[in-house]
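Q: Only the shape, not the letters, is given here:
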C-alpha cells in the first residue's frame, strides 16, 4: 500500500494538517531548520577547524561555500525523519511558502537524500480546500528562492562575524553587529540625540467655552490683529526659539491676562462658517509589517509576541500565512468578507463593488495574499473558542479584513471663525453622516462603537453674524515636548518605508536589539542605551556605509533582484566582501586605527562628565566639590533606567556627589540617605559602617522622583515590610514592595508562602488585614495568566511548589519546570496532593530515564574514542 510522508516545520502545523489528509499520509515535524551554519567553535567539524574561514562558517575562497552542520538538538529529529522515510513511497515537503520555508525543504532534501518521488507542497492557509488544492498542484523546489535565502544568510553571517569581534575588542564583550540591526540601533540613537539637543519653549494661549442653543463647544485664540498666535510647531526644537522666517506672535502670561480682560467686555460674533463633506476609505488588510504596528499600538504586543501569536493562529488553521508583503485578497476571501458585512451590519454597509488594494511599500512582494481569517467563510471571533492574546489578535485581523470590503465613511468637517475685539478664535467640528467601515474598524481604537462617539465633535448650527454666549474663558500655558522615541510600531514603519530588511525579520531584529542591551523598552518606547551610543559612534566613524539607511536599502534591493533571478549572487558577494572597498579589507585596514578606549566612553558636550562603558555596564566619571570646596575626581554607578536622553547636569551632580542627607529618623536617631546604585536610586538608614550590620535599604518606586523626595516618604519606604496581622488559617501576613510593585505575602509556615500583587486602588501604606484577606481569597492566576485551581505547597522531597493549574490546553499539574496534563475524566474536586505527586513522580522517572540513556550513550562514545 502507498505510504506518503509529509514534512512540515512544527508539531502544531502537523496536527492541524493531518486532519485534512488521507489515512495513508504520515505527517512529521522538522522543528524548523535541520541544518545551519555553526554557531560556535564546538560545532565546527574537526576536519576544517584549522581553516581560517571556519570561524565564519563560510569558505570565502571557494565561491562562498557555506559550511552546513546538523546541530546537536536536531540529530534526533533527522534520525526520526530518516526512519520514517524507509517505509514511505512518496515524500511531500510542506514547509512554509516563503524563502525560509523553501530553504528548509531544500535542506531536508540534501540530508534525507530520498530515493522515492519527492515534491514540494505549498499553501497559504490550512483548510481542507487549500490542502486538497496543494496536493493536486505539487511542484519542484524553487532554487531561485533557495539561492536568495542562502545569499542573505551568507551576507548576514559575513557582516556579523566580521564586525561583532571588532566590537568585543574595542567596546565591550557580548555585543553584536548586523546588517539591519546596526542600522536600526542608529535610528534609535539619532532620535535620542535629537532629544538631547532639544530646547524647551513655552508659550501662552486663550481658550473659551461658548454656548449656542444650549450646546457648548470649545474655541481657541488663533490670531491677534491678523498676526497668527504661535503654537508648538512654530518653534525650533534645537534652539527653543521661533523657526527662521516665522512671524507668529508669542504671547506672554501678562499679555494673555490683559487680553482676557479686554475680551470679557466685548461680544463674540460668528465671522465665518465652512462645511466640507469628506470621505474616509478603509485601510488595506494586514501585511506582516502593518499587523506588527497595529498590534503594538492597540494590544501593546511586541513585534516578537505578535509574530509568535500569529504563527500559532496560522498553524492551527485560524488565519492565512502571516509573513507577507501583499495587501491583496483572493476572490474567496472577498466573498467571505462581504458575507460578514451583509449579515452583521446590513447591505447598506457594503462597498459598491469588491475592493482590492496595491502595496506602497518598497521592495514589496505581491506573491502571497494579505493576512486574513482562513477559509471560505470567516469565523467570527466569538465562534473560535480562542482566548487571551490569540483572541485579541484574531479579532484585530477579522475586523480589518471585513472593514476592507465596507462602504466609505461620510463625514462633514466644520470650521468656524469667531471674532472678538482684535482677536480671531477658531473652532473645528466633525459630524459622522454615515459611519461605513467605522462600524467595524478604526485604526488605533479597540472599540469601534465608542470610537464613533469620540470622533464626533459637535458644533451647534452657527450662522454668520450670530452673537454667542461665553460660558467660560481662561488662559492656557504650553511647553514644547522633545521628539518622541520610537515605539516598536514606529520603528517597523520607518524600516519598511526606507526599504531596510524584510518585515518578516523585524520581530527578531527588535528582540536582538533589546536582548543585546542596545535598547530598553520603557512605556512601550525603545530607549537606546549608552552602549548603543558607543557602538553607533564607532560604526559611523569607521564604517559609515554599513549604518547608512540608503546604502542598506540598496543592499536589500540587490538581494530582491537575486531572488527574482535578475542579479547573479556570486559576483555580488565577491564585491561586497572582497572588492576594493569590501568588508574584509575594510575591517583589516581599520582595526589597528581604532582606539578602543575612545569608544569605551560616551562624551556629552553639555555635561561635566564622561560615561564609561564596562563589561558590567556604564558608570559616570567626573568631578565633585568636596566639603572644603575643592574639585576632586569622582565616580558613580549609573542607574540602568537612566537613558542618554534623560541624563542632565542635575542627575550627574546627584550621582557624583554621593549620598544625599534627607534628615534623621526620629525613632533610631540615624541619618536617612538618598543613594544611587546600578539598579536605580534607593534610600538607606544609617551609614555603611563595616563594624555594624548591613543598613536597611529600600528602592525608590518609579512614581517617586528624587528631586521631590521627603524624609517622611523615605521613612515610609524603609518601614516595609509592614506586618498586617495573622491569617485565620495560621501564619502572618505582610505588605511589601518588589520588582513588580507592591504585594502582600502570606507566610503559611517556614517552607511555604503565597504572594499576591496589590490592586491599583490599594495603597501599600494604608492597607489593613481585612483587605489583605479579601485579596488572598480571590482566584490566583499563574505567571501566564493561568488560574491556580489548587496550591499544594512544597511536599517533602520537592524543591518547588506543586500546583494544579487551568491553562490554555486544559488542566495540568506543575512543579518547577515539570508539567503533567491530567487525564480528561479526572474529577478535579477529588484530586489530592497524593495524586499530583504520583503523576509528577512518573514524569520525573521518564525524564531521569532519558537522561541516563544520554549519559550511557556519551560514556560508550568516550570509551570508543579513547580506544581509537
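A: On my side now, so go ahead. Keep in mind that this is a model prediction, so the values were computed, not measured. Residues are numbered from 1 along each chain as shown.

Q: hmm, who's touching the helix or strand harbouring residue 776?
A: Under the criterion of DSSP states H and E, residue 776 resides in helix 769-777. With Cβ atoms under 8 Å, 6 or more residues apart in numbering as the test, helix 769-777 has contacts from 724-725, 727-728, 733, 735, 744, 746, 754, 756, 758-759, 762. Bear in mind the C-beta positions are built from the backbone N, C-alpha and C, glycine included.

Q: Tabulate these (a markdown table), appending distance to residue 232 and secondary structure.
A: Below are the contacts of helix 769-777 laid out as a markdown table (distance: Cβ to Cβ, whole Å; DSSP: H, G, I helix; E, B strand; the rest coil):
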| residue | distance to residue 232 | secondary structure |
| --- | --- | --- |
| 724 | 48 | strand |
| 725 | 53 | strand |
| 727 | 55 | coil |
| 728 | 58 | coil |
| 733 | 50 | strand |
| 735 | 43 | strand |
| 744 | 44 | strand |
| 746 | 51 | strand |
| 754 | 50 | strand |
| 756 | 44 | strand |
| 758 | 38 | coil |
| 759 | 37 | coil |
| 762 | 38 | coil |
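
Q: so which of those residues comes closest to residue 308?
A: residue 756 (28.3 Å; Cβ to Cβ).

Q: which ones are touching the closest one?
A: Applying Cβ under 8 Å, 6+ apart, the residues contacting residue 756 are 743, 744, 746, 775, 776, 778, 780.

Q: Model confidence for the fourth one, exactly?
A: The predicted local distance difference test score for residue 775 is 86.

Q: What is the burial count for it?
A: 18 (other Cβ atoms under 10 Å).

Q: Spatially central residue in the protein, please.
A: residue 302 (2.3 Å; Cα atoms, centre = their mean).

Q: so how far is residue 518 from the nearest residue to that one once chain neighbours are set aside?
A: Leaving aside its chain neighbours, residue 302 sits nearest to residue 488 (5.8 Å; criterion: Cβ to Cβ, 6 or more residues apart in numbering). From residue 488 across to residue 518, the span is 14 Å (Cβ to Cβ, to the nearest Å).

Q: out of these two, which sits in the more crowded spot?
A: residue 488 (28 against 24).

Q: Who wins on neighbours among the contacts of residue 756?
A: The residue in these with the most neighbours, by other Cβ under 10 Å, is residue 744 (25 neighbours).

Q: Does it touch residue 723 like I think?
A: No: judged on Cβ atoms under 8 Å, residue 744 makes no contact with residue 723 at a distance of 11.1 Å.

Q: any residues in contact with both of the two?
A: Joint contacts of residue 744 and residue 723 (Cβ under 8 Å, 6+ apart) are 733, 734.

Q: so residue 339, which of the three states?
A: At residue 339 the chain is in helix, as set by DSSP: H, G, I helix; E, B strand; the rest coil.

Q: Report the separation between the residue nearest to it when sequence neighbours are not counted and residue 20.
A: In this structure, residue 339 finds its nearest non-sequential neighbour in residue 377, 6.6 Å apart by Cβ to Cβ, 6+ apart. Computed as Cβ to Cβ, the residue 377 to residue 20 distance reads 16 Å.

Q: which residues touch the residue nearest to residue 302?
A: The contact partners of residue 488, by Cβ under 8 Å, 6+ apart, come to 292, 296, 302, 303, 510, 521, 524, 526.

Q: go on, residue 313?
A: 319, 322, 386, 390, 393, 394, 397.

Q: swap in residue 464?
A: Taking Cβ under 8 Å, 6+ apart as the test, what residue 464 contacts is 270, 271, 272, 273.

Q: Would you check which pair of the residues you listed lies furthest apart?
A: Pairwise over the contacts of residue 464, using Cβ to Cβ, the maximum falls at 271 and 273, 8.6 Å.

Q: shared neighbours of these two, anything?
A: 417, 464.

Q: With neighbour numbers in mind, choose between those two.
A: residue 273 (18 against 15).

Q: can you confirm the more buried one is in a strand?
A: Yes: using three-state DSSP, the assignment for residue 273 is a strand.

Q: My read is that it contacts residue 413, right?
A: No: here residue 273 does not reach residue 413: they are 11.7 Å apart, not a contact under Cβ under 8 Å.

Q: shaky segments in the stretch 401-550 of the chain?
A: Across the stretch 401-550 of the chain, the ranges flagged by pLDDT under 70 are 443-455.

Q: Let me see the ranges of the strands in it.
A: Taking DSSP state E, counting those that start in this stretch to define them, one finds strands in the stretch 401-550 of the chain at 409-420, 423-434, 467-479, 519-522, 525-528.

Q: I'd like those as TSV, with mean neighbour count and distance to residue 88 appended.
A: Formatted as TSV, the strands of the stretch 401-550 of the chain follow (neighbours: other Cβ atoms under 10 Å; distance: least, Cβ to Cβ, whole Å):
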stretch	mean neighbour count	distance to residue 88
strand 409-420	19	55
strand 423-434	17	59
strand 467-479	13	71
strand 519-522	17	47
strand 525-528	23	48
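
Q: Any chance of the ones you listed in TSV with distance to residue 222 as columns?
A: As requested, those are exported to TSV (distance: least, Cβ to Cβ, whole Å):
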stretch	distance to residue 222
strand 409-420	8
strand 423-434	4
strand 467-479	13
strand 519-522	36
strand 525-528	32
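
Q: Out of the ones you listed, which is closest to residue 200?
A: Comparing these by Cβ to Cβ, strand 467-479 comes nearest, at 5.6 Å.

Q: what separates the closest one from the chain centre, distance-wise?
A: Mean-position distance between strand 467-479 and its chain equals 41 Å (Cα atoms, centre = their mean, to the nearest Å).

Q: begin at 321 from here
A: New numbering, starting at 321: the last item is strand 787-799.

Q: Partner strands of that strand, with direction?
A: strand 522-532 (antiparallel), strand 588-600 (antiparallel) (DSSP bridges).

Q: who touches the nearest residue to residue 550 once chain neighbours are set aside in this structure?
A: If you skip the residues right next to it in sequence, residue 550 has residue 568 as its closest partner in space, 3.9 Å away by Cβ to Cβ, 6+ apart. Contact analysis of residue 568 by Cβ under 8 Å, 6+ apart lists 547, 548, 549, 550, 551, 554, 562.

Q: swap the cut-off to 10 Å and go again
A: 523, 543, 547, 548, 549, 550, 551, 553, 554, 555, 562 (Cβ atoms under 10 Å, 6 or more residues apart in numbering).

Q: There's contact between residue 1054 and residue 1042 in this structure, I believe.
A: Yes: counting by Cβ atoms under 10 Å, residue 1054 touches residue 1042, with 6.3 Å between them.

Q: For those two, list the residues in contact with both.
A: Joint contacts of residue 1054 and residue 1042 (Cβ under 10 Å, 6+ apart) are residue 1064.

Q: the more surrounded of these two?
A: Using other Cβ under 10 Å, the more surrounded residue of residue 1054 and residue 1042 is residue 1054, with 17 against 14.

Q: partners of the helix or strand containing the more buried one, with directions?
A: For residue 1054, the element it lies in under DSSP H and E is strand 1052-1058. Paired with strand 1052-1058 in the same sheet, following DSSP bridges, are strand 1042-1046 (antiparallel), strand 1061-1067 (antiparallel).

Q: could you dump the ones you listed to TSV with distance to residue 689 and mean pLDDT?
A: Formatted as TSV, those follow (distance: least, Cβ to Cβ, whole Å; pLDDT from 0 to 100):
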stretch	distance to residue 689	mean pLDDT
strand 1042-1046	58	91
strand 1061-1067	44	89
